[in-house]
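Engineer: build me a model:
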Amino acid sequence: MRQVQRVQTITIAWMSVEAALSLWAAWMARSPALAAFGGDSAVELLSAVVVLWRFRSHASEGAERRAARATGGLLFALAAYIVFASTMSLLGHNEPQASYLGMAVLVVAAFLMPWLAKEKRRLSAVTGSAALRADAAESALDRKS
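Structural biologist: Residues are numbered from 1 along each chain as shown. As a prediction, this is how the structure comes out:
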């Protein structure tokens, strides 16, 4: 339980920073791609909060079921958001500027998110948590979006 809480706390801290910096960099550079990355981070932040709640509440079947539904729904929301942002980017006619802050956030995420996804997959196997497994999938998507 403590390992799950530790990994989720790290995820929440990083996703908060990643979302805020990515969205701010997107605004400054007028970059739909960075906005999509920031939105993706916000969805992952919500998922991490749900999973942390699940492992802080009493380990009941109901808590796991609600958390699994919520994280599964957020995974679908993340996919829909990525499709929407990609479509808007393809249809847009604005020229985004380079963002060194955005690039720095992406570099850190490229190293941190695979580790977090691996830890979450490992812990989901140990705990049997579908909610944590869905959250691991969202973390794995972070490096691909």
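Engineer: only C-alpha atoms for contact and neighbour calcs from this point on.
Structural biologist: Will do.
Engineer: which residues of the chain fall in helices?
Structural biologist: Using DSSP state H, the helices found in the chain span residues 2-29, 32-56, 61-91, 100-127, 130-142.
Engineer: tell me the angle the third one makes with helix 130-142.
Structural biologist: Helix 61-91 runs at 20 degrees relative to helix 130-142, counting by axes from the mean of the first three to the mean of the last three Cα atoms, to 10 degrees.
Engineer: helices or strands next to helix 61-91 in the packing?
Structural biologist: For helix 61-91, the packing partners by 3 or more Cα pairs under 8 Å, 6 or more residues apart in numbering; DSSP states H and E come out as helix 32-56, helix 130-142.
Engineer: how about those helices in CSV, adding mean neighbour count, mean pLDDT and distance to Val108?
Structural biologist: Below are these laid out as CSV (neighbours: other Cα atoms under 10 Å; pLDDT from 0 to 100; distance: least, Cα to Cα, whole Å):
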stretch, mean neighbour count, mean pLDDT, distance to Val108
helix 32-56, 23, 85, 13
helix 130-142, 24, 84, 11
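Engineer: how about those, which one is nearest Lys118?
Structural biologist: Closest approach to Lys118 among those (Cα to Cα): helix 130-142, 7.3 Å.
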